[in-house]
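K.L.:
I would like to see how this sequence folds:
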Amino acid sequence: MELIDVLNTRRATRSLEKVKIDDKTVKTLAEAASLAPSCFNKQPWKFIFVRDDAKLKELFEILPTGNKWAHKASMIVAVLAKKEDDCILQDREYYLFDTGFATNNIMLRATDLGLISHPIAGYKKDEAMEILNIPSDFMLITLLIMGKKSSEFNEHLNEKQIEFETNRPPRKSFDEFAYLDSFKE
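P.N.:
Next up, the predicted model:
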């Protein structure tokens with residue numbers, strides 16, 4: 001797939017069906033993350049690829065009702081990093097920025113492989129860290145819900161979510177977020 005096609009195809013949809021995600025696919029996704037740029041090549045990111053049914057069930061239990069659609073995930077990828085593992089230049093902490101690059105690489109590669117990857121903020125962070133044995137000095141940034149796009153809407157979606165499944169939400173125009181030569185109000 002051409003890069004522009006991957007960018008246009010990538011969507012954080014919620015209607016998933018279970019598929020087997022094998023070790024080769026996990027390694028392919030991890031390799032995509034490893035190719036991301038980072039400050040002084042520090043590569044501060046860590047990813048936990050969760051496929052085990054029992055572990056997935058534990059994670060499903062800490063999701064709020066609004067994320068019940070995620071119970072059909074084939075895999076959940078925990079995205080974590082710690083500030084000290086990356087550049088801190090004056091007041092600029094790069095670890096979230098750099099981990100975002102690596103996470104986006106995973107999401108784009110997943111799209112290229114025909115998978116959906118949907119980052120979520122709705123989960124009980126402390127419980128997730130305990131379930132996944134994440135040390136307290138790491139920040140659990142997001143969980144990526146992964147699976148294959150289903151041809152049927154997930155029964156837990158509300159009308160607004162179904163609309164987003166059907167039509168890509170509007171994107172801001174160039175003039176709403178981009179400037180030439182200097183910032184303008």
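K.L.:
list the buried ones in stretch 29-48?
P.N.:
Of all the residues in stretch 29-48, those buried under the rule 16 or more other C-beta atoms under 10 Å are 29-30, 32-33, 36, 38-39, 43-48. Using the backbone N, CA and C atoms, a C-beta is placed for each residue, glycine as well.
K.L.:
How much space separates Glu93 from Lys42?
P.N.:
Counting by C-beta to C-beta, to the nearest Å, the gap from Glu93 to Lys42 is 12 Å.
K.L.:
Give me the common contacts of these two.
P.N.:
Residues touching both Glu93 and Lys42 by C-beta atoms under 8 Å, 6 or more residues apart in numbering: 86-87.
K.L.:
May I ask you to name the longest helix in the protein?
P.N.:
helix 95-112 (DSSP state H).
K.L.:
same question for that one, mean pLDDT?
P.N.:
Averaged over helix 95-112, pLDDT sits at 97.
K.L.:
All the strands of the protein, in order from the start?
P.N.:
16-17, 46-50, 75-81, 88-89, 92-93, 116-120, 139-149 (DSSP state E).
K.L.:
mind listing what's buried in the helix or strand of the chain with the lowest mean pLDDT?
P.N.:
The helix or strand of the chain with the poorest confidence is helix 159-166; it has a mean of 89 (mean pLDDT, DSSP states H and E). Within helix 159-166, the residues that qualify as buried are 161, 165, counting by 16+ other C-beta under 10 Å.
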